[in-house]
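Chemist: 3D, please:
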Amino acid sequence: MKYTLNSQEYNDIFKTAQEKFDTEMVKREKVMSDMAKKLMIINYANEFINDKVDRINAGIYYNNKLRVFDKNISGVYNQYGYMAHPKFKSEPIDIFNLRLTDGKSMFKNSLKCQVNNVDNESYINLLVNESSAYKEILFEEMVQDTITISYELNSKVSLGTMRFNVIEVDPYISGAYNIDKIEIYTMDSTTANIKIDPTITIEGINEIGKTRIILDNKTKFAKVIFTFSVNFSSEINSIKIYPFGLKHIHFYEANFLETSSVILPIYSNDYFEYIYNDIVLYSAEGQIETTAEYYNIEFYTDFEGNTLTGRVYTSSDAQSYRIIKNTKTLYAKIPLIWENTVTNEKKYLSLTGILFNYTTEESLIL
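Modeler: Residues are numbered from 1 along each chain as shown. Prediction:
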């Protein structure tokens, strides 16, 4: 006997087919939208690069005494873009993408997000891990050059471990944005409300690329406000446009190896005669004019088999140490965790470069 489907079964088949079709259409629309945004990003990135090259050709030049943290470095460290920082002891905890038994999960219901003081749930997407199928591209053509993004945790929702000490920001157009300010608010233990004033304020991180900011201490997440500015503009129909977009903002809880350090070669066209104590560190939070002695930076003439030999000492107005060995290469060992044993103060360095002060003039008299 031949079985014939009844009307209900036909309806169920058509309903299932329609649902599959609708799902595929949503996926297709997302793919098309993502492609359009990616093309937009590429166009703006090319425009920004051409503008930057024009400015470089107009008179900005590379200082050969400034060493950036490119791939030609050694030591015990982690690198993010051109930023070197202390090495993680283990994989850090991404507090908004906790690994659960059913995969990674976002806690959207526990977060309030505002953009320029207006509720905007779409920007919670910046916290989503890149590997998530729900990750979307957030890239906007703004008519103002500043954008404020605020994340606030619902204190009534317990999310387990919510401390963080690393903030990671990845822009779509490297160098086109500044982080004018990051304000980190904590809870007031007496009122159980978020404090009125920020506990930590970080200012002046210019022309950001891939950026990791390491806090001195782990902080309980309550509220964080980012203020970005766009230092690049385009024009559409006589209207100035400021393209802005980030791949992600992540908050990590991390532990670091105390022995973290970078070994950085310093090259010269002539033999080194003196290397000075004065240096400039370039970090995620701007320039630090300081001394090699203060940050326990050491210099050597040889580096082979992960062993530094031929220690040389820095010169200053008070004392001079001429480099005896003829060498056109020195190696700087830079600790990435600085500690004051008297005050127990500890700082974790996220460095993008260091400006050395040296001379190759034999006749120099200090």
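
Chemist: Touching, residue 350 and residue 283? I think so.
Modeler: Yes: counting by CB atoms under 8 Å, residue 350 does reach residue 283; the two are 5.8 Å apart. C-beta coordinates here come from the backbone N, C-alpha and C atoms, glycine included.

Chemist: so residue 324, which of the three states?
Modeler: coil (DSSP: H, G, I helix; E, B strand; the rest coil).

Chemist: Pull up the per-residue confidence for it.
Modeler: You'll see residue 324 listed with a pLDDT of 89.

Chemist: The one 10 residues further on now?
Modeler: Predicted confidence (pLDDT) for residue 334: 95.

Chemist: How about residue 127?
Modeler: On the pLDDT scale, residue 127 gets 92.

Chemist: Next, give phi and psi for the residue lying closest to it once chain neighbours are set aside.
Modeler: The spatial neighbour of residue 127 that comes closest, neighbours along the chain excluded (CB to CB, 6 or more residues apart in numbering), is residue 96 at 4.5 Å. Main-chain torsions, residue 96, degrees, to the nearest 10: phi -110, psi 10.

Chemist: What is the burial count for residue 96?
Modeler: When neighbours are counted by other CB atoms under 10 Å, residue 96 registers 27.

Chemist: got a pLDDT number for it?
Modeler: Per the predicted model, pLDDT is 87 at residue 96.

Chemist: what's the answer for residue 148, then?
Modeler: pLDDT at residue 148 comes out at 97.

Chemist: need the next SSE after the helix or strand hosting it, C-terminal direction.
Modeler: Taking DSSP states H and E as the criterion, residue 148 maps to strand 146-153. Downstream of strand 146-153, the next assigned helix or strand under DSSP H and E is strand 163-171.

Chemist: Please name the strands paired to that next one in the sheet, noting orientation.
Modeler: strand 211-220 (antiparallel), strand 239-253 (antiparallel) (DSSP bridges).

Chemist: residues of that strand that come out buried?
Modeler: Under the neighbour-count criterion of 16 or more other CB atoms under 10 Å, strand 163-171 has 164, 165, 166, 167, 168, 169, 170, 171 buried.

Chemist: Looking at the strands paired with strand 163-171, spot the one closest to residue 88.
Modeler: strand 239-253 (8.8 Å; CB to CB).

Chemist: Tell me how far that closest one lies from the chain's centre.
Modeler: The gap between the average C-alpha position of strand 239-253 and the chain average comes to 11 Å, counting by CA atoms, centre = their mean, to the nearest Å.

Chemist: Helix or strand next in line after that strand, which one?
Modeler: Using DSSP H and E, the first helix or strand after strand 239-253 is strand 261-267.

Chemist: right, and the helix or strand after that next one?
Modeler: Taking DSSP H and E, what comes next after strand 261-267 is strand 274-275.

Chemist: which strands and helices sit next to that following strand?
Modeler: With contacts defined as 3 or more CB pairs under 8 Å, 6 or more residues apart in numbering; DSSP states H and E, the packing partners of strand 274-275 are strand 358-359.

Chemist: what does the strand it packs on rub up against?
Modeler: Strand 358-359 is contacted from outside by 65, 266, 268, 272, 273, 274, 275, 276, 330, using CB atoms under 8 Å, 6 or more residues apart in numbering.

Chemist: Now do the same contact list for the fourth one.
Modeler: If a contact means CB under 8 Å, 6+ apart, then residue 272 has 323, 327, 328, 330, 358, 359, 360 as its contacts.

Chemist: now it: how far from residue 301?
Modeler: 8 Å (CB to CB, to the nearest Å).

Chemist: before we move on, what about the last one?
Modeler: Between residue 330 and residue 301 the distance, using CB to CB, works out to 6 Å.

Chemist: Which neighbours do these two have in common?
Modeler: 312, 323.

Chemist: In the chain, which residue is most central in space?
Modeler: residue 211 (1.4 Å; CA atoms, centre = their mean).

Chemist: Can you give me the separation between it and residue 121?
Modeler: Counting by CB to CB - residue 211 and residue 121 are separated by 25 Å.

Chemist: same deal with residue 210?
Modeler: From residue 210 over to residue 121 (counting by CB to CB), the distance is 26 Å.

Chemist: So which of the two has more stuff around it?
Modeler: Using other CB under 10 Å as the criterion, residue 210 and residue 121 rank with residue 210 on top: 15 against 12.
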